[in-house]
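Student: Quick check, what structure comes out for this input:
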Amino acid sequence: MHKTLLAALLLATAGGSAAQETALDPGRPGTPVLRGAPDRPLTDPRSLVSPAREDAGPVPIPDLFFTRSSYFATWTPDGQVVLSTDITGRINLWRVAGSGSFPLQLQQSENKTFYPAATPDGKAILYASDVDGREIYDIYSIPANGGAPVNLTASVDVSETGPFAISRDSRFLAFNRRVASEPSTNVAVMSLEDKKVRLLTQEKVPGTYWYARAFSPDGRFVYANRTNAGQTESSVWRIDVASGVAAKVAGDKGHPYESAGALSPDGKMLTLTSENAAGLRQAVMLDLLSGARTFMQPGGWPQEGGAFSPDGKTALVITNADGRDEIHLFDLAGETARRLPLPEGRASDYFGTMPAFSPDGKALLFPHSSGSSPFDYWVFDLAGGSAKRLTNLGLASINADALPRTSIVRYKSADGTVVSAVLWMPWNLKRDGSAPVVVLAHGGPTAQTYDEFERTAIALASRGYMVIAPNVRGSTGYGRAFEVANRGDLGGRDLEDEASAAKFLVTSGYADPKKIGITGGSYGGFMTVMAVARMPQFWAAGVEQYGIVNWNTMWERGSPALREYQRGLIGDPVKDKDVYARVSPLTYLRNTKAPLLVLQGANDIRVPAYEAEQIVNILKEAGKTVDSKVYAEEGHGFMRRENQIDAAERTVAWFDKYLKGTNNAR
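Tutor: Just a heads-up that it's a prediction; the model follows:
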């Protein structure tokens, strides 16, 4: 913890060299040095190499965003795949054959379409959609072959989202329900015949979230996870659909964090993600009748329990090995697991719905991208042991072979803590200390940067920027101690981790210590503002996207549910007012020297636009270099292609101007 607010203020205004400013408060007794889980060898910065390539050049920014994204996909009972993708620049539903085909659009809307799920009878596709990024979702249904959507919930101040659980007889839907004015979520069930909705849970503890996972085979029960806002506690419950009576089946004092992955087809087994005594999450097979537990693939990296095959004989284990996925197939009878030979990079989704077995059990559908490989869906043939690309969402002009290469690097932060990061290394750099650096700070903070396709990083790296994305303390993926290490210290030691990433690149001999920039969205936006305000001599430019500047106004204007997450990070605004002042960039903002660009969505409910207004007004009043752009019809993150392109072009132009002294974004 920081010694005093005064000491922090003095350090923020003292000036000095970049090396001196890396340690924000070298006199304070810091938290214990962390290595994370597992131990990782450090990367020698002099081992970094910028390869030579004659045809390397800037990737056109619009082309990067015409390389399409997708957030969800699901099998249909007849073996086709429905995906939620932005082929048209809006996230709508499309369908492809399980063997691959030209995509067919099923639904059209200006608003994003999330959580697609096919009813088991094959008649309908369900999905959730909000309006202009406001995150108040309704659930819709369309015929499986396309047609007019029907709004099943049509609630003005209630958000209904997935992932969904649908009963085998296609009569009932279980989903997550949040009243906008309440600090928790509940599980609700709907009769798809008459659209009547009943709450199955009545959560009274603020900051507690229920998530539906699966119906029992007979439709009598819904299995659901109950998790706190800080994600430090989680349990699994079986809820009687008729009565609403809930019984805990996993998660107690001996296992404080357990979440359900999938229910076996016969309803007897459950895959779990279970945190062990060392704070590392592992995949566990739970026998619901006997309570017996089996570790599916014990290892040193965090894991999740995944889907069952349709015959119930195998289940998946998803391992996060330093930001890259490893997928194992666990045989229930032999209690053995084998790793599947999937392409390197990301092969799972955030919501735990993929990889997914095909209805006949012969194949796996999985998403894939890497730092230099655009996103697509792939299918793995379980009998043949090979993977093939199902979709082609990229653009012909995006040559994966010519994109900057990524690697996972590890370095020591100011206090000796070991930090992993994804590095995008440009082609054709000279080791003469002249290259500009951009640190890419991730959101969350309870999140992680994976080795996956990142458009802004590629746009910058293809223009000669060394781009590094650190998984600073507070990140997931490295055990419980590492994940909670920045609680009450936001923008403290984790900011040192960000700065140390840039220093690591300077010691490689490639980077210029006077040309260091930082950018990020959400918590990454907070980190950007905190960086330029609290370490004004270190950073030469910043681009912050929908970031926090004042935790007090975040509390006042944020949703009740997000307040509880904030409480878990930094406490109560009244009881912990000194902490709120210390961890708010507002405290240091007038010390900013680096030019700052502010990008914001007008309808953002997570980080309201007032945060951006404060940043711009204060910096303008103080005579600092600042510019801003607020995007109408956008919420937390930019979903419309034209806005994504505009934001990326502004970001590159800003760094070109203030790190390179040029202005050539396109």
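
Student: what ranges do the strands span in the stretch 501-650 of the chain?
Tutor: Along the stretch 501-650 of the chain, counting by DSSP state E, counting those that start in this stretch, strands occupy 511-521, 541-545, 596-601, 626-631.

Student: ranking the ones you listed by burial, who's on top?
Tutor: Burial of these is given as mean neighbour count (mean count of other C-beta atoms under 10 Å); strand 541-545 ranks first at a mean of 29. C-betas here are computed from N, CA, C, even on glycine.

Student: lowest-pLDDT helix or strand in the protein?
Tutor: Here the helix or strand of the chain ranked lowest by mean pLDDT, DSSP states H and E is helix 5-13, holding a mean of 24.

Student: how about the spatially most central residue of the chain, what does it touch?
Tutor: In the chain, the C-alpha nearest the mean C-alpha coordinate belongs to residue 447, at 5.6 Å (C-alpha atoms, centre = their mean). Listed by C-beta atoms under 8 Å, 6 or more residues apart in numbering, the contact set of residue 447 reads 475, 476, 523.

Student: related to what we said a few turns ago, would you turn the strands of the stretch 501-650 of the chain into JSON lines with mean pLDDT and distance to residue 196?
Tutor: Output for the strands of the stretch 501-650 of the chain, formatted as JSON lines (pLDDT from 0 to 100; distance: least, C-beta to C-beta, whole Å):
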{"stretch": "strand 511-521", "mean pLDDT": "98", "distance to residue 196": "39"}
{"stretch": "strand 541-545", "mean pLDDT": "98", "distance to residue 196": "41"}
{"stretch": "strand 596-601", "mean pLDDT": "98", "distance to residue 196": "35"}
{"stretch": "strand 626-631", "mean pLDDT": "98", "distance to residue 196": "38"}
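
Student: I'd like the ones you listed as TSV, with distance to residue 135 appended.
Tutor: Listed next are the strands of the stretch 501-650 of the chain as TSV, based on distance: least, C-beta to C-beta, whole Å:
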stretch	distance to residue 135
strand 511-521	15
strand 541-545	17
strand 596-601	11
strand 626-631	15
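
Student: Surely residue 122 is in contact with residue 79?
Tutor: No: between residue 122 and residue 79 there is no contact under C-beta atoms under 8 Å: 10.3 Å.

Student: Looking at stretch 652-666 now, give me its mean pLDDT.
Tutor: Mean pLDDT, stretch 652-666: 83.

Student: Stretch 357-369 too?
Tutor: 97.

Student: What of stretch 339-349?
Tutor: Averaging pLDDT along stretch 339-349 gives 95.

Student: What of stretch 151-169?
Tutor: Taken as a whole, stretch 151-169 has an average pLDDT of 95.

Student: got the buried residues for that stretch?
Tutor: 152-153, 155, 158-167 (16 or more other C-beta atoms under 10 Å).

Student: Likewise for stretch 491-499?
Tutor: For stretch 491-499, using 16+ other C-beta under 10 Å, the buried residues are 491, 492, 493, 494, 495, 496, 497, 498, 499.

Student: what ranges do the helices span in the protein?
Tutor: Using DSSP state H, the helices found in the chain span residues 5-13, 18-21, 61-66, 455-461, 480-483, 493-506, 523-534, 551-557, 560-570, 577-582, 609-621, 641-655.

Student: between those helices, which one is nearest to residue 195?
Tutor: Closest approach to residue 195 among those is made by helix 560-570 (25.3 Å; C-beta to C-beta).

Student: what's in contact with that closest one?
Tutor: For helix 560-570, the surrounding residues in contact (C-beta under 8 Å, 6+ apart) are 178, 181-185, 206-207, 209, 228-230, 232, 445, 487-488, 490, 551, 554-555, 558, 576, 579-580, 583, 605-606.

Student: Same question for stretch 203-210.
Tutor: Contacts for stretch 203-210 (C-beta under 8 Å, 6+ apart): 176, 183-187, 201, 224-230, 560-561, 563-565, 567-568.

Student: I'd like to know which of the residues you listed are buried.
Tutor: Taking 16+ other C-beta under 10 Å as the criterion, what is buried in those is 176, 183-187, 201, 224-230, 561, 563-565, 567-568.

Student: if we can go back for a sec, highest neighbour count among the contacts of residue 447?
Tutor: residue 523 (27 neighbours; other C-beta atoms under 10 Å).

Student: My understanding was that residue 95 contacts residue 82; is that so?
Tutor: Yes: if you go by C-beta under 8 Å, residue 95 and residue 82 touch, sitting 5.2 Å apart.

Student: Which of those two has more residues huddled nearby?
Tutor: residue 82 (24 against 20).

Student: what's the closest of the contacts of residue 447 to residue 252?
Tutor: In terms of C-beta to C-beta, no member of the contacts of residue 447 lies closer to residue 252 than residue 476, at 22.5 Å.
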